[in-house]
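[1] Fold the following, please.
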Amino acid sequence: MDLGLERAGMECRWQVEIDPFANKVLAKHWPQIPRYGDIRAIKGVEIERVDCIAGGFPCQDVSRVGSRIGIGGSRSGLWADFFRLVVDVRPRYVIVENVPGLLDGGIGRVLGDLAAGGYDAEWRCLSAAQFGLPHIRERVFVIAYPRGSVAGHIGLGELLPTKSPNWEGFLLSARERSPNGLSRSMDRSVRLGNAVVPDCAEWIGRRIMEHVAQSDGIICP
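    Purely as a prediction, here's the structure:
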């Protein structure tokens, strides 16, 4: 998500990640910014105020192939700490990402919390295939902003550019791939589900940047 939002013109100021392997990846690509570990231990006064907080919380309890405990589970329940930081920081925008199972496993809680915190929200399910990539990877994105924002809706209902996925090239690449070409962590299938497709995050980011321009009365070329 960080990469896609940067492509849209945003700047990453800090990150929250508890997993050691994932932190090594983040440190390689964003070596200069602060990283925090367990979100449960972070206090709002400790982090820089930013215009946008973006992230996903664990999906295991809301996933349609998971436990289906719901957003109150021990893993997906970390949404409570995500929202706590939103309340503390009061960003201009909030981006929440999760699997489609959130739509029937906790979207009401997410939207209710945001509304109680003074935020309006829009949401949409996006697929990597909609951006011309050869896999499905559907994800729900919730975009929130303070109630009564001047420019109104972000525009998540806009039509996406039509791109045809190159499935043939993907299958050829998969057949030629060697296990030695993957890191040991990626060999474990649990790692393959972590990432947000940058193209999806970039599209979301561009909608937000356009919303900023309209709200601030900026004329874009």
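[2] pLDDT-wise, which helix or strand of this protein ranks last?
    helix 184-187 (a mean of 51; mean pLDDT, DSSP states H and E).
[3] quick one, helices of this structure?
    2-7, 20-29, 79-89, 107-116, 167-176, 184-187, 198-216 (DSSP state H).
[4] mean pLDDT lowest for which of the ones you listed?
    Mean pLDDT is lowest for helix 184-187 among the helices of the chain, at a mean of 51.
[5] Give me the distance between the residue nearest to E17 when sequence neighbours are not counted and G44.
    Spatial nearest neighbour of E17, excluding adjacent residues (CB to CB, 6 or more residues apart in numbering): N23 at 5.2 Å. Heads up, the C-betas are built off the backbone N, CA and C, glycines and all. Distance, N23 to G44, by CB to CB, to the nearest Å: 21 Å.
[6] give me the beta-bridge partners of Y93?
    When bridges are called by DSSP bridges, Y93 pairs up with C52.
[7] same check, this time on G56
    With DSSP bridges applied, G56 shows beta-bridge pairing to E97.
[8] Is it in contact with V196, as I believe?
    Yes. Assessed by CB atoms under 8 Å, G56 is found in contact with V196 at 6.9 Å.
[9] Dump the helices of the chain to JSON lines, plus distance to R124 and mean neighbour count.
    Compiled in JSON lines, these are given as follows (distance: least, CB to CB, whole Å; neighbours: other CB atoms under 10 Å):
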{"stretch": "helix 2-7", "distance to R124": "15", "mean neighbour count": "18"}
{"stretch": "helix 20-29", "distance to R124": "26", "mean neighbour count": "13"}
{"stretch": "helix 79-89", "distance to R124": "18", "mean neighbour count": "18"}
{"stretch": "helix 107-116", "distance to R124": "12", "mean neighbour count": "17"}
{"stretch": "helix 167-176", "distance to R124": "24", "mean neighbour count": "10"}
{"stretch": "helix 184-187", "distance to R124": "28", "mean neighbour count": "12"}
{"stretch": "helix 198-216", "distance to R124": "9", "mean neighbour count": "19"}
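[10] got JSON lines for those, with distance to I95 too?
    Converted to JSON lines, these look like this (distance: least, CB to CB, whole Å):
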{"stretch": "helix 2-7", "distance to I95": "8"}
{"stretch": "helix 20-29", "distance to I95": "17"}
{"stretch": "helix 79-89", "distance to I95": "11"}
{"stretch": "helix 107-116", "distance to I95": "12"}
{"stretch": "helix 167-176", "distance to I95": "27"}
{"stretch": "helix 184-187", "distance to I95": "25"}
{"stretch": "helix 198-216", "distance to I95": "6"}
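[11] and V99, which of those helices is closest to it?
    Comparing the helices of the chain against V99 with CB to CB, the closest turns out to be helix 107-116 (11.3 Å).
[12] neighbouring contacts of that closest one?
    71-72, 79, 83, 86, 94, 96, 102, 120-121, 123, 140, 142, 144, 147 (CB atoms under 8 Å, 6 or more residues apart in numbering).
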